[in-house]
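Trainee: Need coordinates for the below:
(2 chains, ligands or ions: 1)
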Amino acid sequence: MLEQLEKLYQDAMAELEAVTSSEALREWDSRTLGQKGAVTLLLRGIGGLPKEERADFGKRANEVKLALAEAFAARETLVREHELARDLEEGQIDVTLPGRGRAVGGLHPSTQTLRELYHIWADMGFQVYRSRDVESDEMNFTLLNIPEHHPARDMWDTFHTTTPGVILRTHTSPGQVRAMRELGGDGSQPIRVILPGMCYRYEQVTTRSEMQFHQLEGLAIGRNIRMSDLKGTVTEFARRMFGANAAVRFRASYFPFTEPSMEIDVECFLCGGSGCRVCKYAGWLEIAGAGMVHPTVLRNGGYDPSQWSGFAFGMGPERMAMLKHGITDIRYFWGNDLRFLEQF
Amino acid sequence: MEIPVSWLKEYVDIDVPVELLAEKMTVAGLEVGAITYLGVPQGFVEGIRWPVSEHLVWDREKIVLGAIREVQPHPNADRLVIALVDYGGAELEATVTGAPNLFPYKGVGPLQSPLWTPFAKEGAEVWDGHSEVRKRMILKEKPLRGIPNRCMVCSEYELGISDEHEGILLMQQQPTNTVTGQPAAPGTPLQDVLGDIILTVELTPNLARCFSVLGVAREVAALLDKPLRQPSHEVLMEGAGIAGEVEIEIREPELNPRFTLMLLRGTTIQPSPEWLQRRLKLVGQRPINNIVDVTNYITFEIGQPLHAFDYDKLKARAGSATPTIITRLPTPGETLETLDEVQRTLEPHNILVCDRAGVLSMGGIIGGAETEISDTTTNVLLEAANWNFINIRRSMQSQKVFTDAGTRFSRGVHPSQALLGVQRGIELMRQFGGGQVAQGVVDVYPLPAPTVQVDLRVAEVERILGMSFSAAECAALLRRLSFGVDVEGDVLHVTVPDYRMDISSDPITGQADLIEEIARVHGYNQIPATIIADMMPAQRANVELEREELARDVMVALGLRETISYRLTTPEREAMLTPGANSTSHETYVELANPLMAERSALRHTLLISLLESAVANARYTTQQQLFEIGNVYLKREGEALPDEPRRLGILITGPRRVESWQQDESNTPVDFYDLKGVVDGLLRGLHIGGVSYARSTHPSLHPGRSAQVLLNGRALGDFGELHPLVAQNFELNGGAPLLVAEFDLDALLERVEPNYGVLPLPTTPPVYQDIALVVGEETTAAAVEATIIKAGGNMLKGARLFDVYRGEPIPAGHKSLAYSLVYQADDRTLTDGEVAKVHQKIVKTCERELGAKLRA
Ligand SMILES: [Zn+2]
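Mentor: Next up, the predicted model:
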């Protein structure tokens, strides 16, 4: 039996030397050292040995078992290391294959731009006030110092509804009067709001003009609001929106509901002002119309224009998104083509 | 409005580069949209950017003024002539040309007075008149049908002046050297004769006063702080008096505040002087004859439109009586054939110029054909009138006739301009056509416009602008714009020039108007930029908007793309959302009176129409769409002019559940009702709205068997489900994967958002999981089974999640097995097996008793 044991030891050691995988290792372990393994079986036969041989056999058997276990452990470490090395070396995949797609949601570019504007203006103390899309002619024009048949009405091509005196708002400005009447406490409270909303114009739809577009208007009313404040506020906005070095230019212009009125240009951030296709080689991009609230509008909002003053400005989120992302066709915005939307 | 700089310089000295002038004008509100160069080089000014102009610059040596002394026939070609041109050289240059406008002079010998023309020498660069596309060419020596030729007499096209290239540019009279002001000699660089720069000025409605070269010159003079040279209004009146020759009767002074007439007798109709023709062409007018040209010229020069009548025709119409001009409103059904050969039925507000025999013209807009100037006219009656601008605007729009005169009157012309216009016009007509001006003006002015005076307190300027000015500074700035100013302490008594109709007589508005002028002339860029020092208003959160944005974020987190659609559709299109709808009710829609296009004529009632429109567009190239939209719909209200504008949330999903991949191991199963329900559940969870229940939907656009209504405390929040197959068919979306749509009342939904929702503590005891499978009849809903389980489980049951629905063997027909994973847990102790078994048993028993359920073996 001792020879049997020695042979088993020699054979097992030789077999172990040949083992190169975890699987074979497990198989060797169960065949050799497991509960039904060769060593166990041999040890069970110890009862058949003459009494005097038992001690030697037992001692030797334990030595063999221990030696095999040690050898196994060493081999196991070796095989594992080897296998890990092989896996690291050979288990390479083609990392250039596309990833497995996941459904990714996203906000419409107009919403994204509006949110950017909300955040900037909220930081500057302006809160959002919204008003209706379908407006009275009176709110949209008359109360904004644009009487009926006045040539200034030519500035807005208007969608009229079949109800006389009811139109689709051509700008968010009617919200100015609504905000003053709602928040102004009969002309006793200061106001600082922005008025976002969808506006409508009877205009041929082209790559540059749409019949429907967002506008975001701002309004500040107080006992001491001056044109210099308008300049400072809009300049600060431009820096936050277009970068700390954005240069701003104020040009005289005309809106019936502001006086003085102005157009606001920001130095073209695409070419740095040196002139490019987008800024039509002028180096300036028109970003807003603005002005001091006209005394008539203040009066219509319930304020005494000799005691109160204010400024207002209006800008186009779609135009801003177009400038920022180099979008050349405004019709993309309401087309909802996923190939467009998925780029945002 | 086109402003030739050469013309502008007649009234104001311009000592800065035109590019700088354009910048100053733009910043002061006279936006220069374009600068067009004729022959002269573009200027570049540090810090001012203009697009690089591609125009032709006339070489000062090689393109000069020429004088054609004789036109000889070409010996070898009938269609060519030889012009002998004096270009300031030692000898005349023989130049071959095919210009048809030289043929009348062919072979008549040396001309008594030369024909003046642009002359390009060998080596000069011009536009190629023979090329189909616009391209430059350099003149080279080249014999033409045997005659040597190296120079060219030029057409307007070849010089880049206009598209005219039928004949060459010919001037009958010797032109002026614009640099010296003297007659230009042959050989003068053409730049100094015809070179010019045209400013295209965009005029906002408040700039009616700038609708003329003089009007722009006034502003330029103020901006450059230069004096203004007014054109002369003196008239040489040598003829017998006008009294008794014509009378005026104004019946509507509100609509026609002033009417003036002057008479020129014995004049000759002939072409206008060269310089005047040239100016008219530069502003886009076609020269006709000296009389008509002067009416146009005065319109563009000072902004007062004129109208010339053939006096003898008026006299003939009057018979033996004195011709009488009557301005009045039309009688019903009255008509007029205008100069544009349109027979017009007049509307009640169209103010007319008439005589006793009938209508002569539409006042201030367009003349009639009958009394117009002809080649044989000798006696000209010249009208300069004033018209109510609002009425002119209405009439132009209703008659759809837009003329230079009407456009000016519709913006507002002051009555004072009528007298100036008629005087300057009749004098120019006399100078250009001869004859004698009758002494006196027939001037009827029943409604004189008051002079506007405004008191401006200096403190107001600082209050509005945020920059302090002294009274003297304010006065100086206003005087540059020709305001009359008397300073009295801190108050400026300002007299407004009559043409400044934009300055209000209202004390407060008038002050604001003047403050704007001070800011404009001083320069907006000079005003400081400050931080608002005024009191901050109470800060209010906009909860409505914040929750709307929260809903957007939740939808995006669920993997959906936001769309924003046109809010205009048609009632007919929305009717396609209801299967079998055969009538469309228009009354409930906000409809446009003037739709831009037929398919966008009414405001939407539902977001489904918008989402389906997007789905149809996208279906052309993709099968997978996961869209949502948040926006208003517009519902007419009984007895209210303005509609209700509630907010809605719409969802549309269709196509493969997963994004398609190169690996074939993913399911391409199309989404179904339960995918959409998962989105709805996610939305409600994201908004922290609990306690909703689902009922079968009766929404007409949805599949009746695969749709649900969401209810909260009995109030419907919205419907969702599979699009009705017939609706899908209406939109040609049938045949593919089903479309799942939802529409929620967003206002109702967001009202239920609980911002301060509670959060449960994490359990400290172990849970026990047990599954249960119950066989119930098909009619028993999952919701009923779940409710029964939860009720029976009491507070020891912490959760019941459906994980399998099974039909088929060995479940009997008409039945289904619902398998739930149940979680038992006590808050304060570890549950024993016995405790769990007891509750579990109770659940089984309750389901058996109340639902007829059987425990599945
Ligand atoms: Zn640029």
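
Trainee: alpha carbons only for contacts and neighbour counts from here, please
Mentor: Noted.

Trainee: List the contacts of the closest residue to the ion within the stretch 451-600 of chain B.
Mentor: Going by C-alpha to the ion, the ion is nearest to B:N525 of the stretch 451-600 of chain B, at 21.1 Å. For B:N525, the set of contacting residues under the criterion of C-alpha atoms under 8 Å, 6 or more residues apart in numbering or on different chains consists of A:R249, A:F250.

Trainee: Any buried residues in the longest helix along chain A, and which?
Mentor: Identified as the longest helix of chain A according to DSSP state H is helix A:51-90. Using 16 or more other C-alpha atoms under 10 Å in any protein chain shown as the test for burial, helix A:51-90 gives A:F57, A:A61, A:V64, A:K65, A:L68, A:A71, A:F72, A:R75, A:E76, A:V79, A:E83.

Trainee: do stretch A:164-181 as well
Mentor: For stretch A:164-181, by 16+ other C-alpha under 10 Å, it's A:166-181.

Trainee: all strands of the stretch 101-250 of chain A, in order?
Mentor: Across the stretch 101-250 of chain A, reading from the start of the chain, the strands by DSSP state E, counting those that start in this stretch fall at A:127-128, A:134-136, A:166-168, A:191-200, A:212-222, A:248-253.

Trainee: same deal with the stretch 351-500 of chain B?
Mentor: Using DSSP E, counting those that start in this stretch, the strands assigned to the stretch 351-500 of chain B run over residues B:352-355, B:358-362, B:366-367, B:380-386, B:436-437, B:442-444, B:453-457, B:484-488, B:491-495.

Trainee: what's the fourth one packed up against?
Mentor: Read it as strand B:380-386. Contacts defined by 3 or more C-alpha pairs under 8 Å, 6 or more residues apart in numbering or on different chains; DSSP states H and E place strand B:380-386 against strand B:258-265, strand B:307-310, helix B:416-433.

Trainee: Name the surrounding residues that touch the shortest one.
Mentor: Outside of strand B:307-310, the residues that reach it under the criterion C-alpha under 8 Å, 6+ apart are B:291-292, B:295, B:367, B:371-374, B:377-384.

Trainee: ok, which stretches of the stretch 551-700 of chain B are helices?
Mentor: Using DSSP state H, counting those that start in this stretch, the helices of the stretch 551-700 of chain B run over residues B:571-575, B:607-618, B:673-687.

Trainee: Quick check on A:E286: phi, psi?
Mentor: Comment: the main-chain dihedrals of A:E286 come out as phi -80, psi 120, following degrees, to the nearest 10.

Trainee: Just want the angle from the helix or strand hosting B:E516 to strand B:453-457.
Mentor: B:E516 is part of helix B:507-522 when elements are defined by DSSP states H and E. When axes from the mean of the first three to the mean of the last three C-alpha atoms, to 10 degrees is applied, the directions of helix B:507-522 and strand B:453-457 differ by 70 degrees.

Trainee: I'd like to check the angle between helix B:507-522 and strand A:248-253, please.
Mentor: Interaxial angle of helix B:507-522 relative to strand A:248-253 (the same axes, to 10 degrees): 130 degrees.

Trainee: list the helices and strands helix B:507-522 packs on?
Mentor: strand A:258-267, helix A:295-300, strand B:453-457, helix B:458-465, helix B:471-480.

Trainee: sorry, back to before: as JSON lines, the buried residues of helix A:51-90 with pLDDT and distance to chain B would be great.
Mentor: Supplementary listing: those in JSON lines, determined by pLDDT from 0 to 100; distance: C-alpha to the nearest C-alpha, whole Å:
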{"residue": "A:F57", "pLDDT": "83", "distance to chain B": "52"}
{"residue": "A:A61", "pLDDT": "84", "distance to chain B": "48"}
{"residue": "A:V64", "pLDDT": "87", "distance to chain B": "47"}
{"residue": "A:K65", "pLDDT": "87", "distance to chain B": "44"}
{"residue": "A:L68", "pLDDT": "89", "distance to chain B": "44"}
{"residue": "A:A71", "pLDDT": "90", "distance to chain B": "44"}
{"residue": "A:F72", "pLDDT": "90", "distance to chain B": "40"}
{"residue": "A:R75", "pLDDT": "90", "distance to chain B": "38"}
{"residue": "A:E76", "pLDDT": "90", "distance to chain B": "36"}
{"residue": "A:V79", "pLDDT": "89", "distance to chain B": "33"}
{"residue": "A:E83", "pLDDT": "86", "distance to chain B": "28"}
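
Trainee: Let's have these in TSV, adding distance to A:M211.
Mentor: Rendered in TSV, the data for the buried residues of helix A:51-90 read as follows (distance: C-alpha to C-alpha, whole Å):
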residue	distance to A:M211
A:F57	102
A:A61	96
A:V64	93
A:K65	90
A:L68	87
A:A71	84
A:F72	81
A:R75	79
A:E76	76
A:V79	73
A:E83	68
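
Trainee: For those, give me JSON lines that also has distance to the ion.
Mentor: Shown next, in JSON lines, are the buried residues of helix A:51-90 (distance: C-alpha to the ion, whole Å):
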{"residue": "A:F57", "distance to the ion": "96"}
{"residue": "A:A61", "distance to the ion": "90"}
{"residue": "A:V64", "distance to the ion": "86"}
{"residue": "A:K65", "distance to the ion": "84"}
{"residue": "A:L68", "distance to the ion": "81"}
{"residue": "A:A71", "distance to the ion": "77"}
{"residue": "A:F72", "distance to the ion": "75"}
{"residue": "A:R75", "distance to the ion": "71"}
{"residue": "A:E76", "distance to the ion": "69"}
{"residue": "A:V79", "distance to the ion": "66"}
{"residue": "A:E83", "distance to the ion": "60"}
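
Trainee: picking that back up, what would the helices and strands packed on helix B:507-522 look like in a markdown table with distance to B:E599?
Mentor: Rendered in a markdown table, the data for the helices and strands packed on helix B:507-522 read as follows (distance: least, C-alpha to C-alpha, whole Å):
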| stretch | distance to B:E599 |
| --- | --- |
| strand A:258-267 | 35 |
| helix A:295-300 | 37 |
| strand B:453-457 | 52 |
| helix B:458-465 | 47 |
| helix B:471-480 | 53 |
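
Trainee: And these: which comes nearest B:P571?
Mentor: Of all the helices and strands packed on helix B:507-522, the one in closest proximity to B:P571, counting by C-alpha to C-alpha, is helix A:295-300 (36.8 Å).

Trainee: is the closest one up against chain B anywhere?
Mentor: Yes. Interface with chain B: helix A:295-300 contributes A:P295, A:T296 (C-alpha under 8 Å from any C-alpha of the partner chain).
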